[in-house]
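1. only geometry, no sequence info:
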């Protein structure tokens with residue numbers, strides 16, 4: 001159990017750093033959909049090389065459809081919406097909207113697994129929804145505002161969060177049946193089938209001769225760290241803990257983003273200051289409160305009051 005939490009903590013840090021690393025490359029050097037093609041192909045090849053080395057498992061005929069859905073929701077829609085959204089909004093908005101993911105995991109679990117939704121959790125869903133809606137309204141329009149946000153970018157991040165919530169629930173039964181590496185290799189195979197057609201054109205337009213050392217380092221971080229390592233650690237943890245536990249670690253992402261933002265402001269990158277304002281803080285409070293109400297165990301409040 002402890003190893004699963006260490007894995008999820010590592011994933012949270014990687015994803016938090018990814019907001020700034022990836023955004024620093026898009027869209028001037030790499031188009032967002034083209035970047036996803038590099039991620040899916042590069043990360044997928046690494047998974048398959050290792051799988052071939054350790055040995056493949058036979059997949060039951062009835063599981064192919066579920067693997068295809070996991071590839072669609074956990075790789076194609078998830079990554080395409082995230083990178084396209086991140087290129088159009090601020091890292092702060094993106095990381096805050098992503099924290100609503102546990103709510104979507106709960107909703108997906110209710111529909112797909114029959115999980116019970118209590119009155120407290122329903123209140124949390126409403127609060128989180130209000131917080132996310134407020135952030136979307138702060139985007140003000142499809143054009144990027146002074147704080148780097150746009151309603152189109154925020155909406156794409158929200159779709160990404162919904163898709164990833166569905167993925168965490170749908171992939172769970174596969175984790176109980178197959179090795180994590182087997183699952184993630186096939187998930188990326190199907191993800192590539194769905195995602196590559198959307199990004200191959202942007203890959204062909206990349207001006208590779210314009211890349212400097214830090215740009216290559218950023219690409220390596222996104223493909224090896226954010227894609228290969230993060231997905232592998234996530235799917236390992238899913239084999240041990242529930243999807244809601246995995247989703248709760250998304251809380252780390254805005255924390256890491258805020259720390260990076262504070263460092264940038266300290267170093268004199270003044271344009272990042274507009275990411276921090278009272279409206280964003282109120283939205284964050286609503287989202288965090290909503291997700292907290294959804295995530296705490298049943299009976300926890302009662303037991304705490306009796307203590």
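-> Yep, that arrived. Keep in mind that what you see is a predicted model, and the values were worked out from it rather than measured.

2. Correct me if wrong: residue 32 contacts residue 81.
-> No: applying Cβ atoms under 8 Å as the test, residue 32 and residue 81 come out as separate, 9.4 Å apart. For every residue, glycine as well, the C-beta is placed using N, CA and C.

3. List the contacts of stretch 198-211.
-> 29, 30, 31, 32, 33, 34, 35, 36, 37, 38, 80 (Cβ atoms under 8 Å, 6 or more residues apart in numbering).

4. Let me have the residues you listed in CSV, adding pLDDT as columns.
-> Output for these, formatted as CSV (pLDDT from 0 to 100):
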residue, pLDDT
29, 91
30, 93
31, 93
32, 93
33, 95
34, 95
35, 94
36, 95
37, 96
38, 95
80, 95
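
5. got a list of what residue 17 touches?
-> Shown in contact with residue 17 (Cβ under 8 Å, 6+ apart): 221, 225, 256, 260.

6. again, only using 10 Å
-> 221, 222, 225, 226, 253, 256, 257, 259, 260 (Cβ atoms under 10 Å, 6 or more residues apart in numbering).

7. same deal with residue 185?
-> Residues in contact with residue 185 (Cβ under 10 Å, 6+ apart) are 44-52, 56-57, 67, 178-179, 232, 235.

8. if you set the cut-off to 7 Å instead, what comes out?
-> Residue 185 is in contact with 47, 48, 51, counting by Cβ atoms under 7 Å, 6 or more residues apart in numbering.

9. Would you mind listing where the stretch 51-200 of the chain has pLDDT under the threshold?
-> Counting by pLDDT under 70, the stretch 51-200 of the chain shows low-confidence ranges at 109, 111-117, 121-122, 124-126, 128-129, 131-149.

10. Please repeat the previous calculation with a cut-off of 80.
-> In the predicted model, the stretch 51-200 of the chain carries pLDDT under 80 at residues 90, 92-93, 95-150.

11. which stretches of it form helices?
-> Taking DSSP state H, counting those that start in this stretch to define them, one finds helices in the stretch 51-200 of the chain at 64-71, 78-86, 91-98, 101-113, 119-138, 151-175, 180-204.

12. now those helices as TSV including distance to residue 12?
-> Below are the helices of the stretch 51-200 of the chain laid out as TSV (distance: least, Cβ to Cβ, whole Å):
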stretch	distance to residue 12
helix 64-71	21
helix 78-86	15
helix 91-98	11
helix 101-113	12
helix 119-138	19
helix 151-175	14
helix 180-204	18
